[in-house]
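# What follows is a predicted structure for the sequence shown.
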Amino acid sequence: MITHPFSYQAPSTIEEAIATLGRSRDGKVLAGGHSLLPLMKLGLAQPDTLVDIRKIASLRDIRAEADGTIVVGTLATHRSIAEDRTIGAKLAALAEAAAAVGDPQVRSRGTIGGSLAHADPAADEPAPTLAFDAIIRAIGSKGKRDIPAREFFKAPFETALAPGEIAAEIRFPAQPGRTGSAYLKFRHPASRFAVVGVAAVVTAKADGTIERAAIGVTGAAEAPFRATAAERAITGTKGDAKAIAAAAAKAAEGMTTLSDLAASSEYRRHLVSVYAKRALERATQRARG
Ligand SMILES: Cc1cc2nc3c(=O)[nH]c(=O)nc-3n(C[C@H](O)[C@H](O)[C@H](O)COP(=O)(O)OP(=O)(O)OC[C@H]3O[C@@H](n4cnc5c(N)ncnc54)[C@H](O)[C@@H]3O)c2cc1C
């Protein structure tokens, strides 16, 4: 039960939504409601206004632009992302992360924009968003702002979005030829969130040498991160089992890993290397076709 009073607004344009947020004291955007409403029921979030953006149909679109950028509207549900053919073909790690979220009900209602804006440290989609170097396009009263994924996630439940800004779309840049990607997670047995999740994106040269690798890790630390030491270690190698294992062993380098009832910090570090190895293997295999 939600015990505190609030006003509910459902505007049909983004301009109206921004103006409504601007007039509120501490209004919040409502997307799928699968993270916000549980917090309101627990009294942990008490917005005076809920601005339901689900009537803004344009925010739901998934489209490819002429230069190959894939634009995912903030209201695209986890299910629609998991089932989208272009995403499956070009951004497999994103499709796999979306398919790994919760259960069918959560995937049908929950949105990518809600997942990124909520910034739960154990959420799945931040990992591929980071690994693909996506841009989060935010719109607020001062206009549009593009936020690189690497600058977006600040701390648990804290992002670079300013008060009153709405994340409108997530822009995934075109990937070069011979690029493969994969997302794998160690699932919490009860909540299904990622105890650790790893997205790997690998580009190979014609002779199979690894030209570029990007690894996004979620669940392991207070905020999702790029495993830069592992990325450097695999780049320029033949991408064979030994090189992948050596790179994956560095995937948690420099990070303070979380310790909680689900996993100790030490176990999480172990999981990061195991899942980095598996994701790199799969992405490399896909890059080579
Ligand atoms: C039972 C259960 C299991 C789950 N399991 C998983 C899991 O395995 N993996 C996983 O990643 N997630 C999981 N989730 C969370 C789920 O993915 C949520 O859908 C997601 O975290 C939030 O998306 P939403 O659309 O529901 O956002 P909402 O709940 O509507 O909003 C969440 C927060 O984001 C803000 N917000 C939403 N959209 C925008 C926007 N466009 N611009 C600015 N701010 C915005 C809201 O104001 C709010 O603060 C689970 C949830 C449940 C209930």
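Great, that's in hand. Numbering: from 1, shown residues only.
# interface residues of the stretch 101-250 of the chain facing the ligand?
Residues of the stretch 101-250 of the chain lying close to the ligand by Cβ under 6 Å from any ligand atom are 101-102, 106, 110-111, 113-115, 117-118, 120, 123-125, 161, 166-167, 191-193. Where C-beta positions appear, they are placed from N, C-alpha and C, glycine not excepted.
# List the ones among those that fall in helices.
In helices, defined here by DSSP state H, the members of these are 106, 113-115, 117-118.
# tell me the two of those residues that are most distant?
The span of these, defined through Cβ to Cβ, is set by V106 and A117 at 15.9 Å.
# Of these two, which one has the most company?
Ranked by neighbour count (other Cβ atoms under 10 Å), V106 and A117 place A117 first, with 23 against 16.
# Per-residue pLDDT of the residue nearest to D103 when sequence neighbours are not counted, please?
Once flanking residues are discounted, D103 sits nearest to R192: 6.8 Å by Cβ to Cβ, 6 or more residues apart in numbering. R192 is assigned 91 on the pLDDT scale.
# before we move on, what about L39?
Looking at L39, its pLDDT is 95.
# now do I2
So I2 comes in at 85 (pLDDT).
# Check the spacing between the residue lying closest to A31 once chain neighbours are set aside and T235 real quick.
Sequence neighbours aside, G114 is the residue nearest to A31 in space, at 3.8 Å (criterion: Cβ to Cβ, 6+ apart). For G114, the distance to T235 equals 34 Å [Cβ to Cβ, to the nearest Å].
# Can you show me the CA trace of the helix or strand that contains A19 as CSV?
Element membership of A19 [criterion: DSSP states H and E] is helix 14-23. Extracted in CSV, the C-alpha atoms of helix 14-23 (Å, rounded to 0.1, in the frame of the first residue of the first chain):
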residue,chain,number,x,y,z
ILE,A,14,7.8,15.2,-23.5
GLU,A,15,7.6,19.0,-23.3
GLU,A,16,4.6,18.7,-21.1
ALA,A,17,6.2,16.0,-19.0
ILE,A,18,9.3,18.2,-18.4
ALA,A,19,7.1,21.2,-17.5
THR,A,20,5.1,19.1,-15.1
LEU,A,21,8.2,17.8,-13.4
GLY,A,22,9.5,21.4,-13.2
ARG,A,23,6.4,22.5,-11.4
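# List the buried residues in that helix.
14, 16-18, 20-21 (16 or more other Cβ atoms under 10 Å).
# and those as JSON lines, adding pLDDT and distance to the ligand?
Shown next, in JSON lines, are those (pLDDT from 0 to 100; distance: Cβ to the nearest ligand atom, whole Å):
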{"residue": "I14", "pLDDT": "96", "distance to the ligand": "10"}
{"residue": "E16", "pLDDT": "97", "distance to the ligand": "14"}
{"residue": "A17", "pLDDT": "97", "distance to the ligand": "9"}
{"residue": "I18", "pLDDT": "97", "distance to the ligand": "10"}
{"residue": "T20", "pLDDT": "97", "distance to the ligand": "13"}
{"residue": "L21", "pLDDT": "96", "distance to the ligand": "9"}
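# So which elements touch the host helix or strand of A98?
Assigned by DSSP H and E, A98 belongs to helix 92-99. In this structure, helix 92-99 packs against helix 78-83, helix 85-90, helix 126-131, strand 179-187, strand 194-204, helix 265-287, with contacts taken as 3 or more Cβ pairs under 8 Å, 6 or more residues apart in numbering; DSSP states H and E.
# switch the cut-off to 6 Å
Applying 3 or more Cβ pairs under 6 Å, 6 or more residues apart in numbering; DSSP states H and E, one finds that helix 92-99 contacts helix 78-83, helix 85-90, helix 126-131, strand 179-187.
# Now do that helix: distance to the chain's middle.
10 Å (Cα atoms, centre = their mean, to the nearest Å).
# hmm, who's touching that helix?
By Cβ atoms under 6 Å, 6 or more residues apart in numbering, the residues outside helix 92-99 that reach it are 78, 81-82, 87-88, 124-125, 128, 181-183, 199.
# repeat for stretch 9-25
So stretch 9-25 is in contact with 27, 48-49, 51-53, 55-56, 139, 141, 164, going by Cβ under 6 Å, 6+ apart.
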